[in-house]
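Student: here's my sequence, what's the structure:
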Amino acid sequence: MTIYESYATRERVRAGVALKRRQSRRLFEYGLAHSQPRARRILEIGPGDGDIARLCADSGYAYEAIEGSAGVVTALRRDGHTVHQGYAPPLPETLAQGFTCCFLLHVIEHMPSPAVAAQLIEEIRARLRPGGALVVACPDYAQWGARFYDCDYTHTFPVTRRRLRQLLSDQGLSVVVETRYSGIWFGTSSWLLATMVRMAYPAFVDGLIGAHIPGDVVNRGALAFMPNLLAVAVKAT
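Tutor: Predicted coordinates for the structure are as follows:
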């Protein structure tokens, strides 16, 4: 999709890049802490800017990714990562088996239906080793409301804490972590930050000035601090 290519190549704000990398490190740590097999073989669906890929390379872990954006695929392959080009599901037949951890970060909300979301989770579970972990992050629709759809027209599957738990459990995974994060704040403290952001840049202010701000940077900054769901689910041993 053209919009994904534009996301991959748009100009980055230095503070935003730093924040995203700190987020990614925390999410990476959650995955490693809850995946039982010692050998690290990491799968990521939708690697985006490649933060998890870099963390895997720095740690010496085997890494494979699935990505739809040709630009992202090219950049990651240039850095030496194994990347399968395409959209999931289905997962490519050439994808390896026996991953110890899978990262599905801000992908599930793009699934066109609950059935397709369930198919993706089931196919991931089949590729995990027993005791392997799936890390899922996505916008909390209960908190985002209309912003969930407004920020990205490809957001088609609204997720709440209960819906996410049901989806993971129904595909045979045990949820071991269930929390939220906002910016680099994880857990209950994230509520305060998200509330402050919503108060500082409410929807009516965006309606008044948003169209006149170059690059939509204020809205993009606000979205970076909106509350996201984080779940870690484990395949039975």
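
Student: E109: what's it in contact with?
Tutor: Under the criterion of CB atoms under 8 Å, 6 or more residues apart in numbering, the contact list for E109 reads 138-139, 148, 155-159. Where C-beta positions appear, they are placed from N, C-alpha and C, glycine not excepted.

Student: and what of I45?
Tutor: Counted by CB under 8 Å, 6+ apart, I45 has contacts 65-66, 88, 102-104, 107, 120, 124.

Student: now with 7 Å, please.
Tutor: Neighbouring residues of I45 by CB atoms under 7 Å, 6 or more residues apart in numbering: 66, 88, 104, 107.

Student: which helix or which strand is home to the first one?
Tutor: In this structure, I66 sits in strand 62-67 according to DSSP states H and E.

Student: for that strand, packing partners?
Tutor: The criterion is 3 or more CB pairs under 7 Å, 6 or more residues apart in numbering; DSSP states H and E, and the helices and strands that strand 62-67 contacts are strand 41-45, helix 51-59, strand 82-85.

Student: ok, and for it, which residues are buried?
Tutor: Of the residues in strand 62-67, those buried under the neighbour-count criterion (16 or more other CB atoms under 10 Å) are 63-67.

Student: now the protein, which segments are flagged as low pLDDT?
Tutor: Low-confidence regions of the chain, defined here as pLDDT under 70, cover residues 1-13, 15.

Student: can you show me the strands along it?
Tutor: 41-45, 62-67, 82-85, 99-105, 128-139, 173-182, 185-186, 228-235 (DSSP state E).

Student: got the CA coordinates for stretch 90-106 in PDB?
Tutor: Output in PDB follows, covering the C-alpha atoms of stretch 90-106 (Å, rounded to 0.1, in the frame of the first residue of the first chain):
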ATOM      1  CA  PRO A  90      -1.300 -16.500   5.600                       C
ATOM      2  CA  LEU A  91       2.300 -16.800   6.900                       C
ATOM      3  CA  PRO A  92       4.700 -17.700   4.000                       C
ATOM      4  CA  GLU A  93       5.400 -21.400   3.500                       C
ATOM      5  CA  THR A  94       9.100 -20.600   3.500                       C
ATOM      6  CA  LEU A  95       9.000 -19.200   7.000                       C
ATOM      7  CA  ALA A  96      10.900 -21.300   9.500                       C
ATOM      8  CA  GLN A  97       9.400 -23.200  12.400                       C
ATOM      9  CA  GLY A  98      10.100 -23.300  16.100                       C
ATOM     10  CA  PHE A  99      10.300 -19.600  17.100                       C
ATOM     11  CA  THR A 100      10.800 -18.800  20.800                       C
ATOM     12  CA  CYS A 101       9.100 -15.400  20.600                       C
ATOM     13  CA  CYS A 102       7.000 -13.500  18.100                       C
ATOM     14  CA  PHE A 103       6.400  -9.700  18.100                       C
ATOM     15  CA  LEU A 104       3.100  -8.500  16.700                       C
ATOM     16  CA  LEU A 105       3.400  -4.800  17.300                       C
ATOM     17  CA  HIS A 106       0.600  -2.500  16.000                       C
END
